[in-house]
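Trainee: A predicted structure for the sequence below; I have some questions about it.
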Amino acid sequence: MKIEIINLENKKKKNITIKKNETVESLLEKLKINPVTVIVAVNNNATIKSTLLKNNDKVKIIPVVSGG
């Protein structure tokens with residue numbers, strides 16, 4: 001299955017192949033991204049880490065901004 005990843009932190013897009021039953025959480029692990037530091041949207045809908053990804057999904061990785 002193929003998905004498109006849009007990383008808003010570095011403004012890069014790329015298409016990758018994933019396995020069936022891949023979740024948002026396992027994708028973040030594969031990309032070495034700490035899930036606590038990002039919000040993930042699949043097809044423009046904010047989602048939880050256990051969401052299963054499907055062929056042709058568009059995954060946006062949005063960094064959480066914090067400060068004091």
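Mentor: Sure thing, it's come through. Numbers count the residues shown, from 1 in each chain.
Trainee: Going by residue numbers, what spans are strands in this structure?
Mentor: Secondary structure of the chain (DSSP state E): strands at 2-7, 12-17, 38-42, 45-46, 58-63.
Trainee: could you redo these as CSV and give each row distance to residue 29?
Mentor: To be clear about C-beta, it is placed using only N, CA and C from the backbone, and glycine gets the same treatment. Output for those, formatted as CSV (distance: least, CB to CB, whole Å):
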stretch, distance to residue 29
strand 2-7, 14
strand 12-17, 13
strand 38-42, 12
strand 45-46, 19
strand 58-63, 13
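Trainee: Reformat the ones you listed as a markdown table; add mean neighbour count and distance to residue 26.
Mentor: Below are the strands of the chain laid out as a markdown table (neighbours: other CB atoms under 10 Å; distance: least, CB to CB, whole Å):
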| stretch | mean neighbour count | distance to residue 26 |
| --- | --- | --- |
| strand 2-7 | 15 | 12 |
| strand 12-17 | 10 | 12 |
| strand 38-42 | 18 | 12 |
| strand 45-46 | 10 | 18 |
| strand 58-63 | 17 | 12 |
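Trainee: Residue 23: which of the ones you listed is closest?
Mentor: strand 38-42 (10.3 Å; CB to CB).
Trainee: Could you list the low-pLDDT ranges of the protein?
Mentor: By pLDDT under 70, the chain contains no weakly predicted segment.
Trainee: burial of the residue nearest to residue 35 when sequence neighbours are not counted, as a residue count?
Mentor: Nearest residue to residue 35 in three dimensions, chain neighbours excluded: residue 28, at 4.9 Å (CB to CB, 6 or more residues apart in numbering). Neighbour count for residue 28, taken as other CB atoms under 10 Å: 19.
Trainee: okay but residue 28 is in contact with residue 36, surely?
Mentor: No. Between residue 28 and residue 36 there is no contact under CB atoms under 8 Å: 9.9 Å.
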